[in-house]
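Trainee: heads up, no residue letters with this:
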Ligand code: NGQ
Ligand code: ZN
C-alpha cells in the first residue's frame with residue numbers, strides 16, 4: 001500500500017485540504033480522507049493535486065509530422081483537410097515499426113510531462129509499406145503498447161478497422177494500403193494486442209469512419225468485440241468535415257451522426273471523435289446516448305474542420321473529453337483553452353462552457369477528466385476510492401499559478417498559459433514525472449532524433 005498526502009486536492013465534492021490518499025497494489029485508490037493528519041510514511045505531494053486527464057484520441061506517428069504540413073499549396077488559401085491527408089499518407093509510407101516505437105515513446109513522455117495520464121491510441125498503421133501484414137500481424141500494435149509501458153502512460157489501444165476508401169465500400173487508394181483489414185484480420189491484431197498488454201493496459205475497437213467500413217462490417221466487428229469484451233470502448237471518427245456529411249447524405253440520405261445513432265448500438269461505451277457537424281437532433285441524440293464526444297480542438301483548428309456545437313451539447317448534458325489527435329499540442333490545458341476560445345470567438349461572450357458559479361477552466365477540466373476515463377474504459381478521472389490513482393500535481397511555483405487557490409488554479413492553468421503547469425504526475429499510483437521531467441526524456445529524445453534522421457535519409 002502506497003500512502004500519498006496532498007495539502008490541497010480536487011475531490012468530487014470540491015477542493016479539500018490535507019487529503020490522505022491510500023493506493024492499493026492494483027494502482028487504484030483504496031481510500032481518500034480529507035482533513036487527515038499526514039502519516040509519517042506518506043509521500044507528501046508538493047503542490048495542489050488534481051485528477052489526471054486521459055488523452056482520448058491519438059495517432060502517435062503523426063507526432064513526427066507536426067508542423068510539416070504547413071507549407072501553403074500552389075493555390076493560396078485552398079489547402080484543406082484533404083490535401084493535409086495526402087501529406088500524412090506520404091509521411092507514413094516510410095515508417096518502420098522501430099520508427100513508430102521511437103516516435104510513440106517520445107510522444108508519450110511529452111504527454112505525461114504535459115499532464116496527460118492516459119491515452120486512447122486510434123491505431124490504423126497496421127501493415128508494411130507495401131500493404132502486406134507483418135509476419136507478426138500485431139507488430140505495430142505491440143510497439144505502441146511497449147512504448148506506453150516504457151513511458152508509464154496508461155493506454156487503451158484501439159485497433160482500427162479500415163476496409164474501404166469511401167462510403168458504400170468504395171475501393172481504397174494506394175495511400176491507404178497500410179491500414180486495410182477485413183474483420184478477421186483486424187481481430188488477429190486485436191488478439192495479439194491483448195496478449196501483449198502489460199497490467200492495466202486495455203484493448204478496445206475503433207471503426208475508422210463510416211467512409212471506411214460498411215454497415216455489415218460495423219455490426220460484425222462490434223459483435224466480435226462483444227464476444228471477447230462486452231464493455232470495451234468503441235471509437236469512430238464521424239462528421240469531421242462537411243464533405244463527409246455531404247457524401248453520407250448522398251449515400252444514405254442521412255447525416256453521419258444520425259445514421260450512426262439509428263444503425264449502431266451507441267451508448268456509454270462509444271466515443272464519437274470530432275462529431276463536428278451536427279444538427280440539433282444529433283446534438284440531443286449523442287447527449288442522450290451517453291457516448292463521449294471526443295473533441296480535439298487544436299487539431300480541428302489546424303485542419304480547418306469547423307466548430308463543434310459545444311454550448312448546445314453541454315446544455316443537453318453531453319459528456320466530452322479531449323484528444324491531442326495529430327499532436328500539434330501536447331497539453332490538456334491547451335485543448336480546453338482552444339475549445340472555450342472557439343465559442344468565445346463565435347458568440348462574442350465569455351465563460352460560454354463553464355457551469356454557472358464555477359471556474360470555467362476548472363469546470364471544463366473536471367468534465368474532460370471524467371469523459372477521458374470513460375472513453376478509455378477505465379475507472380478514473382476523479383480522486384475517489386475505486387478510481388485509478390492518476391494524479392497531476394500542479395506547479396504552484398509557476399508565476400501564473402502563484403497566489404491562486406481552488407478553481408482559480410485550474411482556471412489559470414487553462415487560460416493564463418503557464419510556462420509549466422505540471423510539477424509531478426502519477427499513473428496508477430507511480431510517480432512518472434518529477435519536477436516537470438520524465439526520467440526517460442533524454443533517452444526517448446535520442447531515439448526519436450535517430451528515427452527522424454533515418455526518415456529524412458530514407
Ligand atoms: C486520421 N485524422 O485517420 O488520421 C484522420 C484523417 C481521415 C483526423 N481526422 C484521415 N484528425 O479521416 O480519412
Ligand atoms: Zn483521428
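Mentor: Now that the structure is in, tell me what you want to look at. Predicted model, so just to flag it, every value in this text is computed and none were measured. Residues are numbered from 1 along each chain as shown. Ligands and ions are numbered 1, 2, ... in the order given.
Trainee: is it fair to say residue 237 lies in a helix?
Mentor: No: applying DSSP: H, G, I helix; E, B strand; the rest coil, one finds residue 237 to be strand, outside a helix.
Trainee: Where does pLDDT dip in this structure?
Mentor: 74-75 (pLDDT under 70).
Trainee: how about the residues of it near ligand 1?
Mentor: For the chain, the residues in contact with ligand 1 (Cβ under 6 Å from any ligand atom) are 59, 85, 209, 237, 240, 299, 303, 325, 326. Every residue, glycine included, has its C-beta placed from N, CA and C.
Trainee: Does the third one belong to a helix, a strand or coil?
Mentor: Secondary structure state of residue 209, per three-state DSSP, is coil.
Trainee: from the residues of the chain next to ligand 1, which ones fall inside strands?
Mentor: residue 237 (DSSP state E).
Trainee: Got a quick ChimeraX command for the buried subset of the residues of the chain next to ligand 1?
Mentor: Selecting only the buried members of the residues of the chain next to ligand 1 in ChimeraX, with burial defined as 16 or more other Cβ atoms under 10 Å, works like this:
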select :59,209,237,240,299,303,325,326
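Trainee: Neighbours of the residue nearest to residue 172 when sequence neighbours are not counted, how many?
Mentor: Leaving aside its sequence neighbours, residue 172 sits nearest to residue 165 (Cβ to Cβ, 6 or more residues apart in numbering; 4.0 Å). The burial count assigned to residue 165 is 17, neighbours taken as other Cβ atoms under 10 Å.
Trainee: didn't residue 165 look like it was pressed against residue 177?
Mentor: No: contact criterion Cβ atoms under 8 Å: residue 165 and residue 177 do not qualify, at 10.7 Å.
Trainee: what sits against the residue nearest to residue 172?
Mentor: With contact taken as Cβ atoms under 8 Å, 6 or more residues apart in numbering, residue 165 is in contact with 171, 172, 173, 176, 211, 212.
Trainee: Mind checking which of these are buried?
Mentor: 172, 176, 211, 212.
Trainee: Secondary structure element holding the last one?
Mentor: Under the criterion DSSP states H and E, no helix or strand holds residue 212.
Trainee: In space, what's closest to residue 303 - neighbours in sequence excluded?
Mentor: Spatially, and ignoring its direct neighbours in sequence, residue 303 is nearest to residue 81 (4.7 Å; Cβ to Cβ, 6+ apart).
Trainee: Contact partners for the one you found?
Mentor: Listed by Cβ under 8 Å, 6+ apart, the contact set of residue 81 reads 240, 241, 303, 304, 305.
Trainee: gap between the last one and residue 280?
Mentor: When Cβ to Cβ, to the nearest Å is the yardstick, residue 305 and residue 280 sit 19 Å from each other.
Trainee: likewise residue 130?
Mentor: Residue 130 is 46 Å from residue 280, by Cβ to Cβ.
Trainee: now do residue 234
Mentor: 25 Å.
Trainee: higher neighbour count, the two?
Mentor: residue 234 (25 against 10).
Trainee: So what sits opposite that one in the bridge?
Mentor: Counting by DSSP bridges, residue 234 forms beta bridges with residue 205, residue 270.
Trainee: what residues are up against it?
Mentor: Per Cβ under 8 Å, 6+ apart, neighbours of residue 234: 204, 205, 206, 207, 222, 225, 269, 270, 271.
Trainee: Next: residue 256.
Mentor: Shown in contact with residue 256 (Cβ under 8 Å, 6+ apart): 210, 238, 239, 244, 245, 248, 277.
Trainee: and the fifth one, what are its phi and psi?
Mentor: So the one you mean is residue 245. phi -60, psi -50 (degrees, to the nearest 10).
Trainee: May I ask which helix or strand encompasses the residue lying closest to it once chain neighbours are set aside?
Mentor: Nearest residue to residue 245, sequence neighbours excluded (Cβ to Cβ, 6+ apart): residue 277, at 5.0 Å. For residue 277, there is no host helix or strand (DSSP H and E).
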